[in-house]
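Undergrad: structure of the sequence below:
(one chain, ligands or ions: 1)
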Amino acid sequence: MHAEHTGPKDLSVLDCIAQRRAVRSYLSDPVGRPIIERLIETATLAPSAVNLQPWAFAVVQDRQILDRLAADAKSLLLAEPPAPEVLGSALPALTHLREAVAKPDYDLFHGAGTLIAIYAVATHGVPDCYLAGENLMLAACALGLATCPIGLALPILQRPEVKAELGMEPEWTAALPIVVGFPGGETPPTSRRPPLVTAWL
Ligand SMILES: Cc1cc2nc3c(=O)[nH]c(=O)nc-3n(C[C@H](O)[C@H](O)[C@H](O)COP(=O)(O)O)c2cc1C
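TA: Have a look, this model is predicted:
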């Protein structure tokens, strides 16, 4: 299935860490269920505090539902400034991106055909979900797939009706939405500041 695009690339974990990009252009080809299952299984190999494994995954591949979620997410973002606890570290990005996001052709999911929303099922489970999400993104990279975390989708994923639609309990917290797909082209590398190492005693 989609052998022309995917398949293990024989990359080391260091290669995947270095080569993973937040990809914002996708082919329309769907990613098959076995691959998504593999990504989710790999996500669950992440460490978690006291091995609580406080995560749940919702997969959305239905084009109509993706489009509706993207449109509703956008309206919600632009209508109500999200609370800092909802958007977390993505909050400054919204201020920065507001103009771009407001454009009619801005697709919050960048045209990807799969959304995997990771929810924390325990009160303090969000950091563990981030670790699971990074595992998922690195595994996708190793399989020749592209991903992008979509923090801007968090407010819509916290809505009770959306949680219900995705089979999530009302008290669970949307932690990290990630879109997955076949890359639509090359994504140039991003820069990093030198590490801030404040002590080496
Ligand atoms: C928590 C979090 C939320 C993010 N939210 C978005 C988002 O809503 N939309 C988007 O296009 N990229 C989003 N990103 C991707 C970052 O913009 C990207 O990781 C960063 O610019 C560095 O680029 P790189 O991942 O290609 O190295 C998010 C990343 C993280 C970690």
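
Undergrad: give the helix, strand or coil label for the nearest residue to residue 166 once chain neighbours are set aside.
TA: Taking CB to CB, 6 or more residues apart in numbering as the measure, residue 166 lies nearest to residue 58, with 3.8 Å between them; neighbours along the chain are not counted. All C-beta atoms are positioned from the backbone trio N, CA, C, and that covers glycine. Recorded secondary structure, residue 58: strand (DSSP: H, G, I helix; E, B strand; the rest coil).

Undergrad: again, but for residue 176
TA: Taken by three-state DSSP, the conformation at residue 176 corresponds to strand.

Undergrad: can stretch 182-198 be found next to the ligand?
TA: Yes: contact of stretch 182-198 with the ligand is found when judged by CB under 6 Å from any ligand atom, involving residue 190.

Undergrad: same check, this time on stretch 133-151
TA: Yes: using CB under 6 Å from any ligand atom, stretch 133-151 comes into contact with the ligand via 148-151.

Undergrad: now the buried members of those residues.
TA: A residue is treated as buried here by neighbour count (16 or more other CB atoms under 10 Å); on that basis the buried members of the residues of stretch 133-151 next to the ligand are 148-151.

Undergrad: got a markdown table for those, with pLDDT and distance to residue 93 too?
TA: What follows is those, written out as a markdown table (pLDDT from 0 to 100; distance: CB to CB, whole Å):
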| residue | pLDDT | distance to residue 93 |
| --- | --- | --- |
| 148 | 98 | 12 |
| 149 | 98 | 11 |
| 150 | 97 | 11 |
| 151 | 94 | 7 |
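
Undergrad: could you pull up the residues touching the residue most central in space within the chain?
TA: Residue closest to the mean C-alpha point of the chain, counted by CA atoms, centre = their mean, is residue 178 at 1.5 Å. With contact taken as CB atoms under 8 Å, 6 or more residues apart in numbering, residue 178 is in contact with 115-118, 133, 136-137, 147-150.
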